[in-house]
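*Asks:* What would the 3D arrangement of this be:
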Amino acid sequence: MDDLTIEPCAKCDEYLSGWKRAQADYQNLKKDTEREKSEYAKYANERLLSDLLPALDQFALALQHIPSEDADQKSWNNWLTGIKAVQSLWEQAAKAQGLERIDASGVFDPQKHEAVGSEEAEGKESGSIIRVMQEGWSLNGKIIRPAKVIIAK
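*Replies:* A predicted model of the protein is given here:
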């Protein structure tokens, strides 16, 4: 039998070089995509943090104006009003991001609440919430932390 020799053909070389270019293009695309994802992750919280800046600024301002211990009741009431305004800014920023407090009044709901204790309570039905130990939160409708509550026995 004669030795078979494979003659290089122009079409084969053309297909091979096309395949190599496609492989190189794919690798470049993967690198570009990873770089874009990294850049996106780096600034993903920018909107959230921008929404929080007014609350941070107002909180710092409130701390600069804490009344002295011997200040009159009016000074303390004015300062407390400012603190409540800061709390309102925090809640507005949270709501703008889809973060909402879970309602913890009424009857215990295991989907939204976590019972951390139970007590006897006159005038309360068994399973009703007596008090909230820790607020619960949902993000865009998804529970991210259930409210920790004490329920009536």
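
*Asks:* what residue ranges in this protein score low on pLDDT?
*Replies:* Along the chain, segments meeting pLDDT under 70 span 1-8.

*Asks:* and residue 48, what does it touch?
*Replies:* Contact analysis of residue 48 by Cβ atoms under 8 Å, 6 or more residues apart in numbering lists 93, 97. Just so you know, the C-beta spots here come from the backbone N, C-alpha and C atoms, and that holds for glycine as well.

*Asks:* Just the residues contacting stretch 95-110, thanks.
*Replies:* 47-48, 51, 91, 94, 112-113, 115, 125, 127-129, 132, 135-141, 143, 146-147, 149, 151.

*Asks:* Next step: those restricted to strands.
*Replies:* 113, 115, 129, 132, 137-139, 143, 147, 149, 151 (DSSP state E).

*Asks:* Pipe those residues into TSV and attach distance to residue 16 and neighbour count per row.
*Replies:* Shown next, in TSV, are these (distance: Cβ to Cβ, whole Å; neighbours: other Cβ atoms under 10 Å):
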residue	distance to residue 16	neighbour count
113	65	22
115	68	16
129	72	21
132	69	18
137	58	16
138	56	17
139	52	13
143	56	14
147	64	24
149	69	25
151	72	21
